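Asker: One predicted model, sequence on top.
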Amino acid sequence: MSKQLKKINKRKAIAKSTCDLFITKGFVNISISEIAKVAGIGKGTIYEYFTNKEDIIFELMSCLQEDYDPKLKESLQNSQSINEKIKYLFSLYLSDHPTVKTQRQIYKEFLAVTLNNPSAAIIEYQNNMMEKYTNILLEIIQEGIENNELKESAVHFIPSIFATMDGFFISRKPKDIIIEYIDNLSNLLKKEE
């Protein structure tokens, strides 16, 4: 294994080791010393891999995303209806699975960092994630249009769907309200027979 690959793997391992710490204490209440202790390394070693705490949670979010994406892809492939696919796409907001709950909690901490101290790397990451998930939703909606299930105008709702879902997430709306929104939106966009 190359030296560069070892460093990347070590960086990921350090970030993943902090997951419970970020969940239990929150981003603002954690020191670099605590992170180093949890990771089993010296405080100075942290700075060999990360610039600051923001960089660590950014890496943790990236690692969780790498783990999440294949599961999402499989769920989307196994879904029967467009409505079900949209719900799977937004499972980060809906699922009660422990792994998704963990990711949701880390995402909250990540959002706090991005709102208070957005670096260029974090903004680029967010833009890339938004583009990726917009494309997935576009594929779902286009499939619905091609299958004569959705109106052609459904594609115009993509930006507002993401804005609404993020709004629900930030305001901590209950899962049943989010599901009701997706169901109502699906009915609104459904092609009349």
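Answerer: Thanks, I have the structure now.

Asker: would you say residue 172 is within a strand?
Answerer: No. According to DSSP: H, G, I helix; E, B strand; the rest coil, residue 172 belongs to no strand; its state is coil.

Asker: now it: how far from residue 84?
Answerer: According to Cβ to Cβ, to the nearest Å, residue 172 stands 24 Å off from residue 84. Bear in mind the C-beta positions are built from the backbone N, C-alpha and C, glycine included.

Asker: Tell me, how many residues neighbour residue 18?
Answerer: Burial of residue 18 is recorded as 22 neighbouring residues (other Cβ atoms under 10 Å).

Asker: what ranges do the strands span in the chain?
Answerer: Counting by DSSP state E, one finds no strands in the chain.

Asker: quick one on the thing from earlier: what about residue 172 and residue 84, which has more around it?
Answerer: Neighbour count, other Cβ under 10 Å: between residue 172 and residue 84, residue 84 has more, with 16 against 7.

Asker: Quick one: the helices in this structure, in order.
Answerer: Ranges of helices in the chain, per DSSP state H, are 3-17, 19-25, 32-39, 43-49, 53-78, 82-89, 91-94, 98-116, 120-146, 158-170, 175-189.

Asker: if you compare these, which one is most tucked away?
Answerer: Among the helices of the chain, helix 82-89 has the highest mean neighbour count (mean count of other Cβ atoms under 10 Å), at a mean of 20.

Asker: what's that one packed up against?
Answerer: Counting contacts by 3 or more Cβ pairs under 8 Å, 6 or more residues apart in numbering; DSSP states H and E, helix 82-89 packs against helix 53-78, helix 120-146, helix 175-189.

Asker: got the angle for the last one vs helix 120-146?
Answerer: It stands for helix 175-189. 50 degrees (axes from the mean of the first three to the mean of the last three Cα atoms, to 10 degrees).

Asker: Against which helices or strands is helix 175-189 packed?
Answerer: Using 3+ Cβ pairs under 8 Å, 6+ apart, helix 175-189 sits against helix 82-89, helix 91-94, helix 158-170.

Asker: can we see that at 6 Å?
Answerer: Where contact means 3 or more Cβ pairs under 6 Å, 6 or more residues apart in numbering; DSSP states H and E, helix 175-189 is packed against helix 82-89.

Asker: who's in contact with the helix it packs on?
Answerer: The contact list for helix 82-89, computed with Cβ atoms under 6 Å, 6 or more residues apart in numbering, reads 75, 76, 79, 136, 140, 144, 149, 182, 186.

Asker: what does stretch 150-160 give?
Answerer: By Cβ under 6 Å, 6+ apart, the list of residues contacting stretch 150-160 reads 134, 137, 141, 144, 145, 189, 191.

Asker: Same question for stretch 117-126.
Answerer: The contact list for stretch 117-126, computed with Cβ under 6 Å, 6+ apart, reads 54, 58, 114.

Asker: Going by distance to residue 127, which of these wins?
Answerer: Lowest distance from residue 127 to the contacts of stretch 117-126 (Cβ to Cβ) belongs to residue 114, with 11.3 Å.
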